[in-house]
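*Asks:* quick one: sequence plus predicted model below, questions after.
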Amino acid sequence: MKRTERGFTLIEVVVTLALIGLLAAMAAPLTETVVRRGKEQDLKMALYQIRDAIDAYKRAADAGHIEKSVDSNGYPPNLRVLVEGVRDVRSAKGAKFYFLRRIPQDPLAPAHQKPEDAWGLRSYDSSVDNPREGEDVFDVYSHARGKGLNGIAYKDW
């Protein structure tokens, strides 16, 4: 009696590997899009958090809770103030207002960059088309180059 061995032929293995390669080639762009979409959602959320904190600081300054000079417009002098807090001038105990727990990282910035250095800052007296830093922080933007999946440049978000 002869024993016959069963296995795959070379043609079957090559066809199987070709199909797996084709599926992987189709999935790679989709994976890149999913990762990019996630980073863009993180960017949108970080911008929302910082802008919300800037607006809350301005509301507190306008309500008289934060000490400001006569020539000040009520916006924070830098992003670090939003985390470190400011003294409530109406509080007898010297309580502080905190607007952020931490400065969010720009997900499109290099990982080694400090969060407060990753953002572009726009002062109150600079234009939208030509944002410049100044004595206050009116808005923030990303330094990331390129456009988002929505076709708008990251710096314009």
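*Replies:* Okay, I see it.
*Asks:* any idea of the mean pLDDT for the helix or strand encompassing V81?
*Replies:* Assigned by DSSP states H and E, V81 falls within helix 80-84. Helix 80-84 carries an average pLDDT of 95.
*Asks:* sheet partners, orientation included, of whichever helix or strand comes after it?
*Replies:* On the C-terminal side of helix 80-84, the closest following helix or strand by DSSP H and E is strand 86-87. Strand 86-87 sits in its sheet next to strand 96-97 (antiparallel), going by DSSP bridges.
*Asks:* can you name the element that comes right after the strand it pairs with?
*Replies:* helix 115-118.
*Asks:* before we move on, back to that, can you name every helix or strand that the helix holding V81 contacts?
*Replies:* Of the remaining helices and strands, those touching helix 80-84 by 3 or more CB pairs under 8 Å, 6 or more residues apart in numbering; DSSP states H and E are helix 10-62. C-beta coordinates here come from the backbone N, C-alpha and C atoms, glycine included.
*Asks:* and the gap between the residue nearest the centre of the chain and L100?
*Replies:* Note on the chain: the residue nearest the mean C-alpha position is L43, at 2.9 Å, using CA atoms, centre = their mean. Using CB to CB, to the nearest Å, one gets 16 Å for the distance from L43 to L100.
*Asks:* now do V70
*Replies:* 27 Å.
*Asks:* between the two, tell me which one has more neighbours.
*Replies:* A side-by-side neighbour count of V70 and L100, using other CB atoms under 10 Å, places L100 first with 20 against 4.
*Asks:* other residues contacting the helix or strand bottoming out on mean pLDDT in the chain?
*Replies:* Least confident helix or strand, the chain: helix 115-118 with a mean of 86, by mean pLDDT, DSSP states H and E. Under the contact criterion CB atoms under 8 Å, 6 or more residues apart in numbering, helix 115-118 has outside partners N78, L79, R80, R102, I103, P104, Q105, D106, A109, P110, S142, H143.
*Asks:* please repeat the previous calculation with a cut-off of 10 Å.
*Replies:* 46, 50, 78-80, 82-83, 102-111, 140, 142-144 (CB atoms under 10 Å, 6 or more residues apart in numbering).
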